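Enquirer: Could you look at this predicted model? Sequence included:
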Amino acid sequence: MKGIFITFEGIDGCGKSTQTALCKTWLEELGRNVLLVREPGGTKIGERIRELLLDKKNSSMAPMTELFLFEAARAQIVEETIKPALSEGTIVICDRFFDSSYAYQGCARGLGPEMVSRLNMDATGGLAPDITFFLDISVEGAIKRRNTRGEEKDRIESAGDSFQEKVREGFIRAASGDKRIVTVDASADPETIFKQIQDKIKELL
Ligand code: TYD
């Protein structure tokens, strides 16, 4: 069986964790080996980089530093985890991948989507997801969802609502230019969202 690489994207609080978990359980019930990982992180080195990136004490981090740290963590997880798993026929589900750099660093931080797209390709050695689900929700909708979870905000989540708005526009822009990215209305109930995701994945099984 061939491996399949599936990624989930969206602004903070869009409901990715619920959907990635549902997907993993469903695909395992179908008898597939599934690996669920997250970015940044997923490797020992990547988790160290994640701490640097999300630590609120690092408020002076330059946007370019931030971008290279995300790309560094990505290069590591691709080499160490994702490529080997795919070559063994595992389905890899990644909670965020390079479209997050496109939207957050390229668009919202203003580093430029073209430059980020090039670096994304370099960091992954050209490995792109087979399918990407962009869980699209309004910034207000995401805030409501986050408030019910009651988690503390990390450095990037603390950047403010207008930043999240720009991130959302970045994802919309990425999705408009690439058939790989499937936009799902993330304001719907979790079962409805999951049904749409299942239908698309079934086409790849
Ligand atoms: P995380 O706690 O994983 O957020 P979430 O649960 O919303 O996915 O933190 C990751 C944060 O890093 C999140 O705010 C998005 C941001 N990010 C980028 O800015 N660029 C990237 O390339 C990636 C992968 C994440």
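Expert: Thanks, I have it.

Enquirer: confidence score at Arg155?
Expert: With respect to pLDDT, Arg155 scores 89.

Enquirer: now do the one 5 residues further on
Expert: Per-residue confidence (pLDDT) for Gly160: 89.

Enquirer: cool, and Ile143?
Expert: Looking at Ile143, the pLDDT reads 89.

Enquirer: contacting residues around it?
Expert: 13, 161 (Cβ atoms under 8 Å, 6 or more residues apart in numbering). Every C-beta, even on glycine, is put in place using the N, C-alpha and C of the backbone.

Enquirer: what helix or strand is it on?
Expert: Following DSSP states H and E, one finds Ile143 within helix 139-149.

Enquirer: Please save the CA atoms from that helix in PDB.
Expert: Extracted C-alpha coordinates of helix 139-149, given in PDB (Å, rounded to 0.1, in the frame of the first residue of the first chain):
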ATOM      1  CA  VAL A 139     -11.600  35.200  13.300                       C
ATOM      2  CA  GLU A 140     -14.600  35.800  15.700                       C
ATOM      3  CA  GLY A 141     -15.600  32.100  15.300                       C
ATOM      4  CA  ALA A 142     -12.100  30.900  16.200                       C
ATOM      5  CA  ILE A 143     -11.900  33.200  19.200                       C
ATOM      6  CA  LYS A 144     -15.200  31.800  20.600                       C
ATOM      7  CA  ARG A 145     -13.900  28.200  20.100                       C
ATOM      8  CA  ARG A 146     -10.600  29.100  21.800                       C
ATOM      9  CA  ASN A 147     -12.300  30.700  24.700                       C
ATOM     10  CA  THR A 148     -14.300  27.600  25.400                       C
ATOM     11  CA  ARG A 149     -11.000  25.600  25.500                       C
END
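
Enquirer: mind checking which helix or strand of the chain has the lowest mean pLDDT?
Expert: In the chain, no helix or strand scores lower on mean pLDDT, DSSP states H and E than helix 139-149, which sits at a mean of 86.

Enquirer: tilt between the helix or strand following that one and helix 139-149?
Expert: Counting by DSSP H and E, the next helix or strand C-terminal to helix 139-149 is helix 161-176. With axes from the mean of the first three to the mean of the last three Cα atoms, to 10 degrees defining the directions, helix 161-176 sits at 110 degrees from helix 139-149.

Enquirer: what does helix 161-176 contact?
Expert: So helix 161-176 is in contact with 9-12, 99, 102-104, 106-108, 113, 134, 136, 138-139, 142-143, 181-183, going by Cβ under 8 Å, 6+ apart.

Enquirer: show me which of those residues neighbour the ligand.
Expert: The subset of the contacts of helix 161-176 within reach of the ligand, by Cβ under 6 Å from any ligand atom, is 12, 104.

Enquirer: Can you flag which of the contacts of helix 161-176 belong to strands?
Expert: Members of the contacts of helix 161-176 lying in strands (criterion: DSSP state E): 9, 134, 136, 181-183.

Enquirer: ok, back up a step: among the contacts of helix 161-176, name the buried ones.
Expert: Members of those that pass the buried threshold by neighbour count (16 or more other Cβ atoms under 10 Å) are listed as 9-12, 99, 102-104, 106-108, 113, 134, 136, 139, 142, 181-183.

Enquirer: Great, nothing more from me.
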